[in-house]
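*Asks:* fold the following for me, if possible:
(2 chains)
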Amino acid sequence: MQLNFEHQITAHCENGVASNLLKNKGLPISEPMVFGIGSGLFYVYLPFLKVNHAPGLSYRPAPGWIFNRLAKRLGLKIKRLKFSDKKKAQQALDENLANNIPSGLQVGVYHLPYFPEDYRFHFNAHNLVVYGKENGNYLISDPTMEEVHTLTEAELEKVRFAKGVLAPKGHMYYPIYIPAEIDWEKAITKAIKKTCSDMLAPVPIIGVRGMRMVARAIRNWPKKVGVKKANYYLAQMVRMQEEIGTGGGGFRYIYSAFLQEAGQKINKPALTVLSQEMTNIGDLWRDFAVAASRVYKNRSNQDDVYNKLSNDLLHLADLEEAFFKKLRKAV
Amino acid sequence: MKKSEVPQDNGRVFEKGSRELYYALDEDGQYTTQLSTGWDAKTVVQDQTMLVLQERIDKAQQDVRDGLVSPIVYFMELRRMDWQLLSDYTGFWKWRVRRHAKPSVFHKLNDRMLAKYADTFDISIEELRNYKGD
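*Replies:* Sure thing, here's the model as predicted:
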């Protein structure tokens, strides 16, 4: 059984699942609009939380928030279910498929067989859609992949019940209601204001302040934890930043695309101008990643490299602070 | 970034038969999408990470061989886990998992307890019990 569902590759999994599920339900919405209206751009530094043996860093809000905020602002209703019983989790999914409902799932990536070895970490906030079942295998639309895949019942159960931080607990979700009328202007304005207040939050570990805190920490890494560990921390940071089009540059480009589309949709040329500025900031994030990757090619002057990276990040924080202040005034 | 600048450096995702999507500007300054086969800057940090993880695995293997730790530590590293995650998967408290990492304690574990580790590591009880770091 295969449901009528169009798989489309996107830059980021949660946006992609939301966009693909909503398109399927009859609401055409692009990935950048999902990301922007869901206030997906974020930054938080969690030095006390070690992820893969390195300080925790996130470029997005907690899993599910993007879709939830989007739903709230557009007046959609999403059904969300979590399970303690693995059998019941599978039953509920099978019932959904029988009722012609493609369903979003939160999964862990470590046990996903179609993922490249280098990407298989115990990261539990990945999202995909199940859109059918054939010969006992589930048909999988993973929005970060070009092609669709299949998973056996056992494989799907494993990823739905991955353990650890943000354990999915069989988490399944799908839109159940889409309003006839949507006030896009209100939704877009609200979403942009939220992103501005997040990025400018008066909290030392969040937004541009979080970026500055990381910048200060980077400078001391080689002395504090030794060059070897510092290099490893940095690699993790860049990995989180640029993995599958997300985080640093990738997210800035999606946000720029959102500002451009939103500016045209609600006729606010100021957003289009700011979109260009954000694109330039995105380019600088990518330059930062390139500079960081040089650490592994050229091993001389380690302190200089870390000082330079620290300065680059401080510069990015300054640019983004100015940017979000302007954006806040524009809406 | 312009559409023409989206990197095509054949990275790990491409090796597995997929590409990644980027948002980039077309010639008229409008946002559009472009698929990328990978980006060297990212591949470099990926490779670096894999290198460090392999070192951890090799060290654990050596430690098992030298009788310093139990096979649990080796398989934990091999599966990219840490104490907390192993505790989450097995249902044992973290301090107990750490105790089971001692060879002397590990040898006394019964099959029921070993099975929890073996399931987590996706291996048989025999493989776990008889792993000597070779």
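*Asks:* contacts, neighbours, all on C-alpha from now
*Replies:* OK.
*Asks:* so the most centrally placed residue in chain B: helix, strand or coil?
*Replies:* Closest to where the C-alpha atoms of chain B average out (CA atoms, centre = their mean) is B:R80, at 3.0 Å. Assigned by DSSP: H, G, I helix; E, B strand; the rest coil, the conformation of B:R80 is coil.
*Asks:* show me where pLDDT drops low in chain B?
*Replies:* For chain B, no stretch is flagged by pLDDT under 70.
*Asks:* what sits against the residue nearest to the centre of chain B?
*Replies:* Counting by CA atoms under 8 Å, 6 or more residues apart in numbering or on different chains, B:R80 touches A:N52, A:F121, A:H122, B:L53.
*Asks:* whichever of the residues you listed end up buried, select them in PyMOL.
*Replies:* Buried subset of those, written as a PyMOL selection, criterion 16 or more other CA atoms under 10 Å in any protein chain shown:
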select buried, (chain A and resi 52+121+122) or (chain B and resi 53)
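*Asks:* least confident pick among the contacts of B:R80?
*Replies:* Lowest pLDDT among the contacts of B:R80: A:N52, with 83.
*Asks:* from chain B, how far off is that residue?
*Replies:* 8 Å (CA to the nearest CA, to the nearest Å).
*Asks:* ok, now A:P32?
*Replies:* From A:P32 to chain B the distance is 9 Å (CA to the nearest CA).
*Asks:* how close does that residue get to A:V148?
*Replies:* A:P32 is 22 Å from A:V148, where distance means CA to CA, to the nearest Å.
*Asks:* higher neighbour count, those two?
*Replies:* Using other CA atoms under 10 Å in any protein chain shown as the criterion, A:P32 and A:V148 rank with A:P32 on top: 29 against 17.
*Asks:* does that one really touch A:A257, like I thought?
*Replies:* Yes - A:P32 lies in contact with A:A257 (CA atoms under 8 Å); the separation is 5.9 Å.
*Asks:* would you mind listing what in the stretch 51-200 of chain A touches chain B?
*Replies:* Residues of the stretch 51-200 of chain A lying close to chain B by CA under 8 Å from any CA of the partner chain are A:52, A:114-116, A:118, A:121-122, A:144-147, A:163-164.
*Asks:* for chain A, what's the longest helix?
*Replies:* helix A:302-330 (DSSP state H).
*Asks:* quick one: which of the residues of the stretch 51-200 of chain A next to chain B sit in helices?
*Replies:* With helices defined by DSSP H, no entry of those lies inside them.
*Asks:* and which of those is nearest A:A235?
*Replies:* Of all these, A:A235 sits closest to A:N52, with 11.1 Å by CA to CA.
*Asks:* in contact with the closest one, which residues?
*Replies:* By CA under 8 Å, 6+ apart, the contact set of A:N52 is B:R80, B:M81, B:D82.
*Asks:* got the contact list for the closest residue to the second one other than its chain neighbours?
*Replies:* Once its chain neighbours are removed from consideration, B:M81 has its nearest residue in A:H122; the separation is 7.4 Å (CA to CA, 6 or more residues apart in numbering or on different chains). Residues near A:H122 by CA under 8 Å, 6+ apart: A:G108, A:V109, A:Y110, A:G164, B:R80, B:M81.
*Asks:* in a markdown table, list those residues along with distance to A:S19.
*Replies:* Below are the contacts of A:H122 laid out as a markdown table (distance: CA to CA, whole Å):
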| residue | distance to A:S19 |
| --- | --- |
| A:G108 | 20 |
| A:V109 | 20 |
| A:Y110 | 24 |
| A:G164 | 27 |
| B:R80 | 32 |
| B:M81 | 33 |
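*Asks:* how many other residues sit next to residue 34?
*Replies:* Reading this off chain A. Neighbour count of A:V34, defined by other CA under 10 Å: 26.
*Asks:* chain B was what I was after
*Replies:* As a burial measure, B:Q34 scores 19 neighbours (other CA under 10 Å).
*Asks:* please verify my assumption that it contacts B:D26.
*Replies:* No - using CA under 8 Å, B:Q34 is not in contact with B:D26; the gap is 9.7 Å.
*Asks:* quick check: neighbours shared by the two?
*Replies:* By CA under 8 Å, 6+ apart, B:Q34 and B:D26 have these common neighbours: B:K3.
*Asks:* show me which of the contacts of A:H122 is closest to A:E242.
*Replies:* Set against A:E242, the nearest of the contacts of A:H122 by CA to CA is A:V109 (16.6 Å).
*Asks:* OK, contacts around the closest one?
*Replies:* Applying CA under 8 Å, 6+ apart to A:V109 gives the contacts A:F115, A:Y119, A:R120, A:F121, A:H122, A:F123, A:N124, A:H126, A:V159.
*Asks:* can you check A:D118 too?
*Replies:* B:R12, B:Q46, B:M50.
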